[in-house]
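Chemist: Just need the structure, nothing else, for what follows:
(chains A and B)
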Amino acid sequence: MRGGWRNLVVAGLLLVGSSIPGLAGVIQSDEWQAYRQKFLDPSGRIVDTANNNISHSEGQGYGLLLAYLANNRADFDTIWTFTRTEMLLRDDGLSVWRWDPAATPHVTDANNATDGDLLIAYAAALAGRDWRRPDLTAAATAMASSLSENSIETIAGSVLLKPGNSGFGLNDRKDGPVVNPSYWVFEALPVMAELVPQGAWTRLAQDGEKLVSSSMMIGAAGLPPDWVSLRSKPAAADGFPQEFGYNAIRIPLYLLRAGNRNRALLEPFQKNMVDAQGRVRLVDISTGSTRQLLDDPGYRVIPALVGCVLDRTPLADDLKTFVPTDYYPSTLHLLALSYARRRLPECL
Amino acid sequence: MPLRPFLLAAVVGTAGILVMQQTGIGPFGAAENVFSDASGDAAAQRPSNDVSALALNRSSAPTDTATSGPEMRIAQAHEPSLPGQAAPSVTPSRNPASTGPVVDETALRYFAAQGDTRRLEAEIARLRALYPDWVPPENPLAAVPQGDPQLDQMWKLYSEGRIADVRKAISDRQTREPGWQVPSDLLDRLQLAEAREQLVNASDIKQYDTVVRVASANPAMLTCGDIDVLWRVGEAFARTDRRQRALDAYLYILRSCEQPQERLATIQKAAELLPRADLDQLLALERTVDGKPEFEPVRGEIARRAIVAADADPTITVSATDLALVEKLANAGGTQGDDLLLGWYYLRRDNPAVAETWFRKAVARQRDAASSQGLALALINQDRPQEAEAVLYEWRDASDDVRAVYLAAIANMLALRPSPQFAPEVLQRVVAEVAKAKDSASAEQLGWYADNFNQFDTAERWFRSALEWGPDSEPAAFGLALMRWKLGDQAGVRDVQTAWAGRSDRIPIVGERSIETAALAPRERRQVEVGVAADPVAPRPVKAVAVSQPRQPIELDIVAAPAPARSPVAVGQAGESQSDRQPLPQVTREAAVSYVAQEPPVSRKTPPRQKGDRVRAKGCRTTEDPEGMSPQAALTRGWCLMEANRPVEAAKAFEVALRGSGQTRSDAAYGQSLAYMRVGLTDLAAVSATKAPVGSSRSVEINAALLSQRATSAFQNKRYVETLLALDERARIVPEPLDLMVLRGYAYMNLIRYRDAERVFRAAASAGNRDAMRGLNDLWAARNPASTY
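Modeler: Residues are numbered from 1 along each chain as shown, chains lettered A, B, ... in the order given. The predicted structure follows:
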């Protein structure tokens, strides 16, 4: 994971030094244009097209990160303005997790989602540094500080990320504490550590990796469930689909983007999350049976990327081209492609 | 238009800084830093096109009367503009004689050109806050267009509230024209607009720390030009327990802002958040508008609010002014709501008489359940439950609350002593309602009521019903046992006693009338009993009286009780052990009634709106020295203390009452002797009885009680002859109860007068007395010392 961060920093420094968009090409201009036309509302909010057109902190974070990777400052600022004025409202300085255009007020639940917070802080930190924007760096630092203070907890010796600051703890649920392994945006953690060095970021990354590893052992699926109860030994949490689902499918992407090359950790994904045609399986944790098959290239690109890293298998042609579909797979697709361009050109 | 708002805005801007300084919130405690930074940046980053615009402006403005900024402000302050009056000419926005900062008036002129007065004023306020020496242009429209269509477009987007689009336009242009600098004015405005959005959104979802944080980072937005933001900041302080800062915010508004509607709304908002004392500080800043105090329209509401608050919290005192105002409003064509508010208030404050007048007004305005309920409670609290019943009968089914009060009225009405003779139709409907409601407390009172008119059969049925509807009611069980005893139903008495064994101190001794029972028994019956007391062994003198003297035959028929299941024992057994309860020890039925009257059902049930929980206005629950009371008051207190089973204090109260004369003194002597007897101080009781002439019936009671005590005491000291002497003396004035018959039996036995002992034990045992049966056994053992088992 360090490699990932260092690489970005170097790219950013290059950018600043030469005034040439050093990350140009990481996400190509036409790709970003296609993405923004479909998912970026002029007000600056990323629209979850498959989910009643709501917005969430995760989407704002992805939008900021992609705009940064596309080196589009104008769109970054648009998204940032919306994020700041409409979602970074919490007393603790973190973002509300959900914004509904159909509700009044648009925010009906003031809880946060730490993956969204991490993504926002991460994107703001990168942009603040590379574009010399102290306002963004200050905002990222404040968020990192709040995350460190309010969202990281130590349970039975493990440093863990609360999914949200309220509702998931030991005393909040019968099966609490409950965590979501896909909320570990591994590539963001070293950046947070630079902003707030006293935070337990390194431990958080290490224990997050252990969490992914142990969550794979829960059931016959051989894959981690979206939501994990850590009441005793890891188990699929109550009240959520007990499956390797839409949340967890991005875990290998996050691992790879952070530079993780641990075969033992990555191989089960490659082996268990795809069917014979390369489609992504949503898997029943206890039985290991397929619940749903996902054909969108944005999903399929993830195990393909793992295959590239582990076996140098080139990406299929239809995965190399970005065509926007829905917000979530399209986002994952751009994150995967941008990473492959920088780090795995041999598979393209 | 131009001058007045300008001046105000200036005051506002300055004060806006002051608010945040006073409150010292946020990371930028010293707000000047924020401003000096901003002005410094503004000067440093001023783009050339702005300067040229200013230059143009300056050259086009008449300069002959130009004065320095501060002087202008003073002039304006003293002479608000008059339409048509020759206003001071336009002042250059930059004082040429000084090195003061260049003021960017781009936005100002843009808003003026758009006719956007609200934003224009807000911008002027902001600039005044930033540049205290700056004087706004007389005619912002005189500005020459800047000749930068792209920038114009940005301002247009800005004025349309499309903040994200402005940000994007700026970024786009910076990408296209790397050297292009954003006008600092635009940046500042954007920053403020975004901060405002964030603040409002945070406020909407109650993230008050964020509200305060954003406000403290952007003090320039705290101006009268945006009163809503000031209100939200005030609210954020108030809701995060920073009352003083909230008060500061509202004080600031009232000292600085001029819009009459906004000032009024400020008071209204503060009234919802601040305690009354703080609100008074705000009200002190009232001005006169058009000859009238400006806050007059909300004064009534504030006074009402004070009363509502006091209604919920008895420790709050309502000022006489507030009360007077609401009373005035209520009288001067106010609403029924005001009448009710005042009624409840006075009821809560132990002033049921005044409460009654307000509830009567409410009823007169509109006769409905709510007003009738209040009136009924006021009447109950004045010991006028009959009137309460009459008022509320019509509404008895309106709601559970109303029904609870209605039943309380009934229970209190039936508990009145001496029992009034209720009109047949009243009694009839009361009986019907009690049966319908299956109200245990009222059924119990109906039992006592029937008992009071010596209809023990009816009373027994009511007590049975009371027990069926309230299986835990010890008073009902006591009543049931007592009635059965009076009816001669010994088996029935035993059923109740068995069922309540261990759960009541007094039920087991029904039938063995104690000193206490004897002393406090109703006088009229006692008098009758005296007359019948020829045979001391008569097992049930009371029943004989009841049979021979049916005094209220007509009412008795009306108080026909329902026929409850004849299984009081089973009902009684339903309850678990109640040893933790503390029934009044050895209370007579009068005491039981008083006990109930003191805590009527309305307080046992959920009281309506938490009101009227003290249905009885007077009481003796508090500790109070009777010294200094009038003899009559002390007498009342004495009886109350007796009812509360606090005889030592009662004796003291009666001592004070003895200072009175006539009936008061007589009552006091009687009371004190009873009090002393209750604590076992027989000698003192005897002394008390001589302190004043007590009525003949009372002296009989007292003497009988004293003789009982003397007999018991003598027996305990093994002085059996004296025991018999005392008992004989007593038997000459009152019939001998079973327990004393047993005592007499043992006295005979100890004096080896076995035949006499046997006669007495047998008489008592035939009345079902267990001690007497044991006495017979003991006697047999004494006569046959050889037999062993």
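Chemist: Which single residue of the stretch 201-348 of chain A ends up nearest chain B?
Modeler: A:Y327 (18.5 Å; C-beta to the nearest C-beta). C-beta coordinates here come from the backbone N, C-alpha and C atoms, glycine included.
Chemist: Surely that residue is in contact with A:D41?
Modeler: No - A:Y327 is beyond contact range of A:D41, at 11.4 Å (criterion: C-beta atoms under 8 Å).
Chemist: residues of the helix or strand hosting B:V229 that come out buried?
Modeler: If you go by DSSP states H and E, B:V229 is part of helix B:227-239. By neighbour count with 16 or more other C-beta atoms under 10 Å in any protein chain shown, helix B:227-239 contains the buried residues B:227, B:229-238.
Chemist: try stretch B:327-339
Modeler: Residues B:327, B:329-330, B:334, B:336, B:338-339 are the ones in stretch B:327-339 that count as buried (16+ other C-beta under 10 Å).
Chemist: Which members of those residues occur in helices, if any?
Modeler: Mapping the buried residues of stretch B:327-339 onto helices (DSSP state H) picks out B:327, B:329-330, B:336, B:338-339.
Chemist: which of these sit farthest apart?
Modeler: Between any two of these, the greatest separation by C-beta to C-beta is 14.2 Å, found for B:E327 and B:Q336.
Chemist: for stretch B:316-336, how far is the first residue from the last?
Modeler: One end of stretch B:316-336 to the other measures 24 Å (C-alpha to C-alpha, to the nearest Å).
Chemist: if you average pLDDT over it, what comes out?
Modeler: For stretch B:316-336, mean pLDDT rounds to 85.
Chemist: same thing with stretch A:115-122?
Modeler: Averaged over stretch A:115-122, pLDDT sits at 98.
Chemist: Helices of the stretch 51-200 of chain B, start to end?
Modeler: With DSSP state H, counting those that start in this stretch as the criterion, the stretch 51-200 of chain B has helices at B:69-78, B:106-114, B:117-130, B:149-159, B:163-176, B:184-204.
Chemist: other SSEs contacting the shortest one?
Modeler: So that's helix B:106-114. Packing partners of helix B:106-114 (3 or more C-beta pairs under 8 Å, 6 or more residues apart in numbering or on different chains; DSSP states H and E): helix B:48-60, helix B:117-130, helix B:149-159, helix B:184-204.
Chemist: what packs against the second one?
Modeler: Going back to what we said before, that points to helix B:117-130. Helices and strands touching helix B:117-130, by 3+ C-beta pairs under 8 Å, 6+ apart, are helix B:3-23, helix B:31-44, helix B:106-114, helix B:184-204.
Chemist: ok and it relative to helix B:184-204, angle-wise?
Modeler: Angle of helix B:117-130 versus helix B:184-204, following axes from the mean of the first three to the mean of the last three C-alpha atoms, to 10 degrees, is 110 degrees.
Chemist: Let's see helix B:117-130 as PDB, backbone CA atoms only.
Modeler: What follows is helix B:117-130, C-alpha atoms only, in PDB (Å, rounded to 0.1, in the frame of the first residue of the first chain):
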ATOM      1  CA  THR B 117     -31.800  45.200  -3.000                       C
ATOM      2  CA  ARG B 118     -31.400  42.500  -0.400                       C
ATOM      3  CA  ARG B 119     -28.000  41.400  -1.600                       C
ATOM      4  CA  LEU B 120     -27.000  45.000  -2.200                       C
ATOM      5  CA  GLU B 121     -27.700  45.800   1.400                       C
ATOM      6  CA  ALA B 122     -26.000  42.700   2.600                       C
ATOM      7  CA  GLU B 123     -22.900  43.600   0.600                       C
ATOM      8  CA  ILE B 124     -22.800  47.100   2.000                       C
ATOM      9  CA  ALA B 125     -23.100  45.600   5.500                       C
ATOM     10  CA  ARG B 126     -20.200  43.300   4.700                       C
ATOM     11  CA  LEU B 127     -18.000  46.000   3.300                       C
ATOM     12  CA  ARG B 128     -18.700  48.300   6.200                       C
ATOM     13  CA  ALA B 129     -17.600  45.500   8.500                       C
ATOM     14  CA  LEU B 130     -14.500  45.000   6.500                       C
END
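Chemist: Show me which residues of chain A sit near chain B.
Modeler: Residues of chain A found near chain B (C-beta under 8 Å from any C-beta of the partner chain) are A:19, A:42-44, A:73-78, A:80-82, A:84-86, A:88-93, A:96, A:105-107, A:110.
Chemist: I'd like the list of these that fall within helices, please.
Modeler: Judged by DSSP H, the subset of the residues of chain A next to chain B located in helices is A:73-78, A:80-82.
Chemist: which one of these is nearest A:A142?
Modeler: Using C-beta to C-beta, A:W80 comes nearest to A:A142 of those, at 13.9 Å.
Chemist: So for the closest one, what's the pLDDT?
Modeler: Here, the pLDDT recorded for A:W80 equals 95.
Chemist: Just give the nearest non-adjacent residue to it, would you?
Modeler: A:L64 (6.4 Å; C-beta to C-beta, 6 or more residues apart in numbering or on different chains).
Chemist: by contact count, what packs against whichever strand or helix holds that neighbour?
Modeler: In this assignment (DSSP H and E), A:L64 forms part of helix A:57-69. If contacts are counted by 3+ C-beta pairs under 8 Å, 6+ apart, helix A:57-69 sits against helix A:29-39, helix A:73-82, helix A:114-130, helix A:327-343.
Chemist: Done for today, thanks.
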